[in-house]
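Colleague: okay, here's the prediction I keep looking at, along with the sequence it came from:
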Amino acid sequence: MSTTKWALDPTHSEINFKIKHMMISHVSGSFTNFNVTAETDGDHFANSKVSFTTEVNSINTNNEQRDGHLKSADFFDMEKYPHISFEGTKFEKTSDEEYALHGNLTIRDVTKPVSLKVDFGGIAKDPYGNIKAGFTLDGKINRKDFGLTWNAATEAGGLLVGEDLKVQAEIQLVKQA
């Protein structure tokens, strides 16, 4: 089979995250500038090569002060490490519509293996003749594993920021000619 290249459809894709705040609620955010590419055997995504990058500067939690703190050396250290990247190592089918995406995630100067659950929405042709594939990804990473260790104690003795970061993405890819 021939190799098929897929590019991100940015107008129909998003990457969001949530993390506990004061251990009583969640703060949500997103990355607004990112890229995803894939290479497949024909239109079959099993065993495909997937890569992802995002600009740390595009983080958005709907609070400028918090976004600035997240970009600082306390967290992502955007000046030294302007990108977050992921290189897929295995994309395996686990059921008719579900996959597991395994790969290496790099945040700051730390690279660790991660796995994400992927729901494959299918492949369809849009009204303009473009062939698109849709995916929903879900996962959880421990921020401390990537050197994001800043925290503060609350008056009650708890911590201000949780350790587990929940990641959710809606990704639409466009088949390249």
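Modeller: Perfect, I can see it now.
Colleague: now the strands for the chain?
Modeller: 3-8, 14-21, 25-31, 34-41, 44-55, 59-60, 83-93, 98-107, 110-125, 131-142, 161-175 (DSSP state E).
Colleague: quick check: residue 94 vs residue 101, distance?
Modeller: 10 Å (C-beta to C-beta, to the nearest Å). C-beta: built from backbone N, CA, C; applies to glycine.
Colleague: neighbour-wise, which of the two wins?
Modeller: residue 101 (22 against 10; other C-beta atoms under 10 Å).
Colleague: which residue, other than its chain neighbours, is closest to that one?
Modeller: Once flanking residues are discounted, residue 101 sits nearest to residue 116: 4.6 Å by C-beta to C-beta, 6 or more residues apart in numbering.
Colleague: got a pLDDT number for that neighbour?
Modeller: We have a pLDDT of 96 for residue 116.
Colleague: neighbours of it, how many?
Modeller: Neighbours of residue 116 under the rule other C-beta under 10 Å: 23.
Colleague: just for this structure, where's the confidence low?
Modeller: Applying pLDDT under 70 to the chain flags the ranges 1, 154, 156-160.
Colleague: 80 - rerun?
Modeller: Applying pLDDT under 80 to the chain picks out residues 1, 22-24, 96-97, 150-161.
Colleague: ok, now which ones touch the residue nearest to residue 121 when sequence neighbours are not counted?
Modeller: Counting by C-beta to C-beta, 6+ apart, residue 134 is the residue found nearest to residue 121 once chain neighbours are left out, at 3.4 Å. Going by C-beta atoms under 8 Å, 6 or more residues apart in numbering, residue 134 touches 12, 120, 121, 122, 124, 170, 171, 172, 173.
Colleague: residue 134 and residue 60: what is the separation?
Modeller: The separation that residue 134 has from residue 60, given C-beta to C-beta, amounts to 23 Å.
Colleague: swap in residue 173?
Modeller: 23 Å.
Colleague: between the two, who's got more neighbours?
Modeller: Applying other C-beta under 10 Å to residue 173 and residue 60 shows that residue 173 carries more neighbours, namely 24 against 16.
Colleague: excluding sequence neighbours, find me the nearest residue to that one.
Modeller: Nearest to residue 173 is residue 6, by C-beta to C-beta, 6+ apart, at 3.9 Å.
Colleague: again, but for residue 39
Modeller: Nearest to residue 39 is residue 49, by C-beta to C-beta, 6+ apart, at 4.4 Å.
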